[in-house]
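K.L.:
Take a look and give me a structure for this.
(one chain, ligands or ions: 2)
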Amino acid sequence: MTLLTQPSTVFSWDASLSSLHGIGEKIAPRFAKLNLHYIHDLLFHWPYRYEDRTHITPIQDIVPEKWVLLQGTIRKTQVIKSAKKRCIVTLQDQSAHIKLIFFHFKTPQLEAWREGTMLRCFGQVKWAGGQFTIVHPEYEILTPQRIPPLPEHLTPIYPIVAGLSQNWLRKTILTAVTHYQRQAYQRESLDDVLSKKFPELSFATALETIHRPNANQNLESLYDKSHPAYQRLIFEELLAHRYALKRIRQSVKVAHIEATKVDHDQIHQFIRNLPFELTEAQQKAWRDIEGDLSLQKPMLRLIQGDVGCGKTVVAALAAMAVVGSGKQVAIMVPTEILAKQHFEHFSDWLKPFNLRCELLVSKFKTKQKRQILENITLGLANVVIGTHAIFQEKVEFQNLGMAIIDEQHRFGVHQRLSLQKKGESARQKSAVHQLIMTATPIPRTLMMGQYAHLDVTVMDGLPPNRQPIKTLTVAQSRRHEVIERISAVCQQKKQVYWVCTLIEESEALQCQAAQIVSEQLQEQLQFPVGLVHGKMPSQQKEQVMQAFYRNEISVLVATTVIEVGVNVPNATSMIIENPERLGLAQLHQLRGRVGRGRDESFCILLYQPPLSPMSRARLQVMRESNDGFVIAEKDLELRGGGEILGDRQTGMAQYKVADLVRDKICLQQVGTWEKQHSKLVDTNTVDRLIDRWCQSLDLAKA
Ligand code: ADP
Ligand code: MG
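P.N.:
Ligands and ions are numbered 1, 2, ... in the order given. Next up, the predicted model:
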């Protein structure tokens, strides 16, 4: 198959794959399944294994489990017609013989496997039934006129999908890599700049080493990506992301806006109205925000504080300050339940100042929505709280001054940017302050990689008089004891969350499970039991939540929809079923729904034995620590990379080769390197880098 007939064709790297000869509209979707959309994507599709077909192994030297390339003559072909019909081909070379077994074969194949035929085959040797065999080897028939040379390189094996053969994908990728090397810019200015750190290892060479390694390469280091070729690419990718983040920061920070005139009397009044004193951490966060607002630049701040530390009030202070200066504030939250709850708090807080708060969620009726949208456009709404509905095109602010994003890990970067643009595109044409709040503890390494463009305030410590949440692990067999215990809790007018987690990979089934649990609990308890899950109509969800706030429901059975932000201080107990199914970050978030008042709270992890060693270790971390940062670090340790910050990484950029956990040392080096050498890298190079590595990262284009 020839993909590109003329090697001199100039590749258009941004062209879609279907522009390649041989990849039509029908095949392109198969590539798309592998996330291969553009020609440049081919370069970054990594092999997960290599096969060594560079030399022929004499049959007498084979050992079980080894992958080998054999070459010999067929001595005998035998079809066995038992229940398991199969064809056994005996292959002989000068040293010994071996049986090749085929379960699927067609007549033409049988005809080709005649005695005396020369065969070259590749497969994994097994020792079965007292003899060496290879089941379904890949093979080709040789003739004395046609004995193809052996490959000089290891053969890469790529992830594939149905309808896309390994051979075809390999050839396509190799063509791309080869063309890349031939192109004019094969030696790039960055290669020169990096030549001290990575001698003789240009971007193109690194790619070639990975896709076409010599037989003597150290495979282990290719597999775990510690090989210099990978290291070179990882370094470059991390550097590209660093530049991208810097760019966003610059684009925001060069914007010149009026300093916000904070109405200090109003702020003091607001603080006096609160039923509590601000904690140290809250005061510090407010000071940071105040400092940002006093500059003639947009704020770009991340507030990071563990669940329950009181971030909402800090958001309210920031909102008050901006609203007080005559601008609007948008607050985005990930769930409707949380939007509604924030809306109530903010409405209460703003009322004494004659300020108006609007709630905007996607499920509102058209008429109701129109009214709200009008209030926003006319500037009658000072604070708008909502879910992703706020991003929609139709929402036009009169003069948006600040966007607050609560629980940011649930939002993608593009959503954040779209909100940012609301401010810029609206009538006012000016940048918007951004305040991002997260309870997800972000370990330091990730901080540098993902959030390098943000100013950060860490809120440590919880409001006073909080008692640590007691966490217990209890096996399902003792479920009745748990029910007795929560009955006692309800007796004291305290409330309980009962969380049913994902047992099956389906939300519908999860909701169904929650339904059943709620019915069972209602039978066993003399207190009102309620149910919320993601599939309920939002109005119904809201009614249940309202009833729970008012303590008309004692036990709230829920799916993980209540994971984020919900605040009912009178709820002191949390039961989590099948906690072994959840990540540590998510467990910590869920547990954070209790322990929000002065009363002692507890969390019961109701697990299904037997636990895997990993689950056991995780649950132990939960028992031993209430500190989100400690838990996050342990999480990284236990998982050792890959999936971080819970299961939803929507806010995280996707990397092509780097892994922030695995490559944390490299991440540090990139930071240092960039500081020392940034002068050597010109703007064009930075453009190229960002183009190459950060396409999926909308923020690069901010
Ligand atoms: P989170 O940081 O998880 O968003 P919240 O803002 O929901 O936390 O606050 C958790 C609980 O703590 C709320 O009930 C809130 O009223 C209460 N709270 C916040 N600040 C203080 C404070 N300074 N003193 C006492 N309670 C506080
Ligand atoms: Mg919160």
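
K.L.:
shaky segments in the stretch 101-250 of the chain?
P.N.:
By pLDDT under 70, the low-scoring segments of the stretch 101-250 of the chain are 184-187.

K.L.:
one more time with 80, if that's ok
P.N.:
182-188, 245-250 (pLDDT under 80).

K.L.:
So which residues of it form strands?
P.N.:
Remark: strands assigned in the stretch 101-250 of the chain by DSSP state E, counting those that start in this stretch are 118-128, 131-135, 138-142, 155-157.

K.L.:
out of those, which comes closest to ligand 1?
P.N.:
Nearest to ligand 1, of all the strands of the stretch 101-250 of the chain, is strand 155-157, at 46.8 Å by Cβ to the nearest ligand atom. Any C-beta I mention is one placed from the backbone N, CA and C, and that applies to glycine too.

K.L.:
What lies in contact with that closest one?
P.N.:
The contact list for strand 155-157, computed with Cβ atoms under 8 Å, 6 or more residues apart in numbering, reads 47-53, 166, 170, 173, 210-213.

K.L.:
out of those, which are buried?
P.N.:
The neighbour count (16 or more other Cβ atoms under 10 Å) marks 47, 50-53, 170, 173, 210-213 as buried among these.

K.L.:
T57 - nearest residue in space that isn't next to it in sequence?
P.N.:
Leaving aside its sequence neighbours, T57 sits nearest to V68 (Cβ to Cβ, 6 or more residues apart in numbering; 4.3 Å).

K.L.:
helix, strand or coil for the one you found?
P.N.:
strand (DSSP: H, G, I helix; E, B strand; the rest coil).

K.L.:
quick one, what contacts it?
P.N.:
Neighbouring residues of V68 by Cβ under 8 Å, 6+ apart: 57, 62, 122-125.

K.L.:
buried sites along stretch 28-44?
P.N.:
28, 30-31, 34, 36, 38-44.

K.L.:
mean confidence score for it?
P.N.:
The average pLDDT for stretch 28-44 rounds to 87.

K.L.:
That one: how far from the chain's middle?
P.N.:
20 Å (Cα atoms, centre = their mean, to the nearest Å).

K.L.:
Which residues does it contact?
P.N.:
11-20, 23, 45, 159-164, 172-173, 176-177, 180, 207, 656-657, 692.

K.L.:
Could you do stretch 618-638 as well?
P.N.:
By Cβ under 8 Å, 6+ apart, stretch 618-638 touches 306-307, 439-443, 468-469, 471-473, 579-580, 583-585, 587-588, 591, 595, 603, 605, 607, 611, 614, 617, 644-645, 661.

K.L.:
at 6 Å instead, please
P.N.:
For stretch 618-638, contacts defined as Cβ atoms under 6 Å, 6 or more residues apart in numbering pick out 306, 441, 443, 468-469, 471, 473, 584, 587-588, 605, 617, 661.

K.L.:
Pick out the most distant pair among those residues.
P.N.:
Within the contacts of stretch 618-638, P468 and V661 form the most distant pair, 28.4 Å apart (Cβ to Cβ).

K.L.:
give me the low-pLDDT residue ranges for the stretch 351-500 of the chain?
P.N.:
Scanning the stretch 351-500 of the chain with the threshold set as pLDDT under 80 gives 362-364, 388-394, 407-431, 440-453.

K.L.:
Next to ligand 1, which bits of it? Give me the list.
P.N.:
Residues of the stretch 351-500 of the chain found near ligand 1 (Cβ under 6 Å from any ligand atom) are 439, 463.

K.L.:
Try it again at 5 Å.
P.N.:
Residues of the stretch 351-500 of the chain lying close to ligand 1 (Cβ under 5 Å from any ligand atom) are P463.

K.L.:
hmm, back to that, keep only those of the contacts of stretch 618-638 that are in strands.
P.N.:
Judged by DSSP state E, the subset of the contacts of stretch 618-638 located in strands is 471, 473, 605.

K.L.:
Is the first one in contact with F602, as I believe?
P.N.:
No. In this structure T471 lies outside contact range of F602 using Cβ atoms under 6 Å: 7.1 Å.

K.L.:
give me the residue from the stretch 351-500 of the chain nearest ligand 1.
P.N.:
For the stretch 351-500 of the chain, Cβ to the nearest ligand atom, closest residue to ligand 1: P463, 3.4 Å.

K.L.:
could you pull out the strands for the stretch 301-450 of the chain?
P.N.:
So, for the stretch 301-450 of the chain - with DSSP E, counting those that start in this stretch - the strands run 328-332, 357-360, 383-386, 400-406, 433-438.

K.L.:
that older thread, redo the strands of the stretch 101-250 of the chain as JSON lines? Include distance to Q328.
P.N.:
Shown next, in JSON lines, are the strands of the stretch 101-250 of the chain (distance: least, Cβ to Cβ, whole Å):
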{"stretch": "strand 118-128", "distance to Q328": "65"}
{"stretch": "strand 131-135", "distance to Q328": "68"}
{"stretch": "strand 138-142", "distance to Q328": "65"}
{"stretch": "strand 155-157", "distance to Q328": "54"}
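
K.L.:
Show me what whichever strand or helix holds V686 is packed up against.
P.N.:
Per DSSP states H and E, V686 falls inside helix 683-693. Judged by 3 or more Cβ pairs under 6 Å, 6 or more residues apart in numbering; DSSP states H and E, helix 683-693 is in contact with helix 228-253.

K.L.:
Can you give the distance from the helix it packs on to the centre of its chain?
P.N.:
18 Å.

K.L.:
Who are the packing partners of that helix?
P.N.:
helix 203-211, helix 664-677, helix 683-693.

K.L.:
who wins for proximity to ligand 1 among those helices?
P.N.:
Nearest to ligand 1, of the helices and strands packed on helix 228-253 and by Cβ to the nearest ligand atom, is helix 664-677 at 27.3 Å.

K.L.:
just the CA coordinates of that closest one, formatted as CSV?
P.N.:
The C-alpha coordinates for helix 664-677 follow below in CSV (Å, rounded to 0.1, in the frame of the first residue of the first chain):
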residue,chain,number,x,y,z
LYS,A,664,7.5,15.3,38.0
ILE,A,665,11.2,15.6,38.1
CYS,A,666,11.2,16.6,34.5
LEU,A,667,8.5,19.1,35.2
GLN,A,668,10.8,20.8,37.7
GLN,A,669,13.7,20.7,35.3
VAL,A,670,11.6,22.3,32.6
GLY,A,671,10.7,25.1,35.0
THR,A,672,14.4,25.8,35.8
TRP,A,673,15.4,25.4,32.3
GLU,A,674,12.8,27.9,31.0
LYS,A,675,13.9,30.5,33.5
GLN,A,676,17.5,30.2,32.5
HIS,A,677,17.2,29.8,28.8
